[in-house]
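J.: have a look; sequence and predicted model below, questions after that.
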Amino acid sequence: MCVHGFQLSRGPDQWVNEFTTEREQPGPVDDQLVNEFSELHVNDWVDEFGDQFADSLEDTGADNWANAYDEFMNQRIATKSDFSHGVYVFSDMNPYVGHPNPLKEGQDLFRRGLLSEAVLALEAEVLKNPGNAEGWRLLGISHAENDDDRQAIAAMMRAQEADPTNLEVLLALGVSHTNELEQPAALKYLYGWLRHHPRYGTLAPPELSDSPFYNDVVRIFNEAAEMSPEDADVHVVLGVLYNLSWEYNKAISSFQTALKLRPNDYSLWNKLGATQANSVQSSEAISAYQRALDLKNNYVRAWANMGISYANQGKYEDSICYYVRALAMNPKADNVWQYLRISLSCASRNDILPACASRNLDSLQKEFPL
């Protein structure tokens, strides 16, 4: 069975999402906002599914879950190519078009956890200023946090077009292509980050830029980690790279090192949880997801990940509650609606399927409170 493009016998589930750091804002912003955005070094890895899932295939319900999830993810992979190449789809109706300062409005909405509104404001910003790399980058962050991977990638591609040497964007694209299981592109962007970094540029010979090899990139990032052990970004990228080679213990160690340096990074806790889940460490994964939610309670992706983690263990009723909570925060999260439908079927709650099909959140929240 294939999950997110990987064979279960071969390695991890799809790693979902952008790895971003805050760059200087165009104009004055308050310190609290800068501090909040500075924590966004890693946006998230939704849909952790990996090797842990194999353990739950012993009973019929889990087998149904596996087959249904596999079919859904194969459909997603088959339709992802346009988004992977930077085709961003704007909202039809946007009340923020014409707003005097949509970027500042988008930042404020993001800080308040109103991600769908933040997307609209930031779309208005990039429509107004299509060359604003920061506007595109923050738009990508908002989509990623709101569980819309393909739009997040498309926005990050536009950010890279606007500013080809932007370190945050290069790093984000490296991880985004890892999420999409596009290893050559991922390595190229991660290597580009190293080559353009003022501290690590001398470690990355330019002749490797077009088609760097995995072993070369890992070796150079390890050299960077030795050079600057206090740089959490380097340790996080090593965690991503080790997941590409299914070296989960090394990946977990890298993320744990990064968390010692950045303990309040909710998205990094989420990535650690996904790696632990792929390493068949279910209880540890749930604890890491909970830490992410303790730091940011409206983190849609962590709620969805928690649901998947419970479904992996055959605890479908629990998974349903987490999916419903995620959807209450973002009713447009199409992936989560599909996860919910699968868990309802596996839990033999066919009586609730019509409410799921009609996206009746009121009924779902009354039936599955959390």
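T.: Noted; the coordinates are in hand.
J.: how many residues are close by residue 349?
T.: Residues lying near residue 349 (other C-beta atoms under 10 Å) number 17. (Each C-beta comes from the backbone N, C-alpha and C, glycine too.)
J.: excluding its backbone neighbours, what's nearest it?
T.: Spatial nearest neighbour of residue 349, chain neighbours left out: residue 320 (7.4 Å); criterion: C-beta to C-beta, 6 or more residues apart in numbering.
J.: tell me the secondary structure at that neighbour.
T.: Using DSSP: H, G, I helix; E, B strand; the rest coil, the three-state assignment for residue 320 comes out as helix.
J.: these two touch, right, it and residue 343?
T.: Yes. Between residue 320 and residue 343 there is a contact under C-beta atoms under 8 Å: 5.1 Å.
J.: what touches both of these two?
T.: Here residue 320 and residue 343 share the contacting residues residue 307, scored by C-beta atoms under 8 Å, 6 or more residues apart in numbering.
J.: OK, contacts around the residue lying closest to residue 146 once chain neighbours are set aside?
T.: The shortest distance from residue 146 to any non-neighbouring residue, by C-beta to C-beta, 6+ apart, is to residue 115 (4.1 Å). Applying C-beta under 8 Å, 6+ apart to residue 115 gives the contacts 109, 142, 145-146, 298, 300, 329-330.
J.: what about stretch 248-258, average pLDDT?
T.: The average pLDDT within stretch 248-258 is 97.
J.: can you pull the buried residues of it?
T.: Judged by neighbour count using 16 or more other C-beta atoms under 10 Å, the buried positions of stretch 248-258 are 248, 250-255, 257-258.
J.: can you check stretch 291-307 too?
T.: Residues of stretch 291-307 classed as buried: 291-293, 295-296, 299-307 (neighbour count, 16+ other C-beta under 10 Å).
J.: average pLDDT for stretch 339-349?
T.: The average pLDDT within stretch 339-349 is 96.
J.: report the distance from that stretch to the chain centre.
T.: Stretch 339-349 has its C-alpha centroid displaced from the chain centroid by 24 Å (C-alpha atoms, centre = their mean, to the nearest Å).
J.: cool, and stretch 192-212?
T.: Distance of stretch 192-212 from its chain centroid, counting by C-alpha atoms, centre = their mean, is 25 Å.
J.: flag every buried residue along that stretch.
T.: 192-195, 197, 200, 204, 208, 212.
J.: okay, and which of these map to strands?
T.: Counting by DSSP state E, no part of the buried residues of stretch 192-212 is found in strands.
J.: now, which of those lie within helices?
T.: Of the buried residues of stretch 192-212, the ones assigned to helices by DSSP state H are 192-195.
J.: give me the element residue 178 is part of.
T.: Assigned by DSSP states H and E, residue 178 belongs to helix 167-179.
J.: what helices and strands are in contact with the helix or strand containing residue 276?
T.: If you go by DSSP H and E, residue 276 is part of helix 266-278. On a contact count with 3 or more C-beta pairs under 8 Å, 6 or more residues apart in numbering; DSSP states H and E, helix 266-278 meets helix 232-244, helix 248-261, helix 282-295, helix 300-312.
J.: from the chain's centroid, how far away is the third one?
T.: Right, the one you point to is helix 282-295. That offset, for helix 282-295, works out to 15 Å (C-alpha atoms, centre = their mean).
J.: can you list the helices and strands that that helix packs against?
T.: Taking 3+ C-beta pairs under 8 Å, 6+ apart as the contact cut, helix 282-295 packs with helix 266-278, helix 300-312.
J.: and those helices as a markdown table, adding mean pLDDT and distance to residue 127?
T.: Output for those, formatted as a markdown table (pLDDT from 0 to 100; distance: least, C-beta to C-beta, whole Å):
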| stretch | mean pLDDT | distance to residue 127 |
| --- | --- | --- |
| helix 266-278 | 91 | 27 |
| helix 300-312 | 91 | 25 |
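J.: make CSV out of these and add distance to residue 103.
T.: Formatted as CSV, the helices and strands packed on helix 282-295 follow (distance: least, C-beta to C-beta, whole Å):
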stretch, distance to residue 103
helix 266-278, 22
helix 300-312, 22
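J.: pretty sure residue 117 belongs to a strand, no?
T.: No. Secondary structure of residue 117 (three-state DSSP): helix, not part of a strand.
J.: for residue 137, see how far away it is.
T.: 18 Å (C-beta to C-beta, to the nearest Å).
J.: same check, this time on residue 268
T.: As judged by C-beta to C-beta, residue 268 and residue 137 stand 18 Å apart.
J.: got it, and residue 272?
T.: The gap separating residue 272 from residue 137 is 24 Å, by C-beta to C-beta.
J.: from the contact counts, what lies against the helix or strand containing residue 323?
T.: Assigned by DSSP H and E, residue 323 belongs to helix 316-329. Counting by 3+ C-beta pairs under 8 Å, 6+ apart, the packing neighbours recorded for helix 316-329 are helix 300-312, helix 334-346, helix 361-367.
J.: got the contact list for stretch 90-106?
T.: Applying C-beta under 8 Å, 6+ apart, the external contacts of stretch 90-106 come out as 26-27, 29, 118-125, 127-128, 132, 134-135, 138-139, 142.
J.: and the residues you listed, which of them are buried?
T.: Buried members of those, scored by 16+ other C-beta under 10 Å, are 118-125, 128, 132, 134-135, 138-139, 142.
J.: out of those, which is nearest to residue 223?
T.: Nearest to residue 223 among the buried ones among the contacts of stretch 90-106 is residue 134, at 30.0 Å by C-beta to C-beta.
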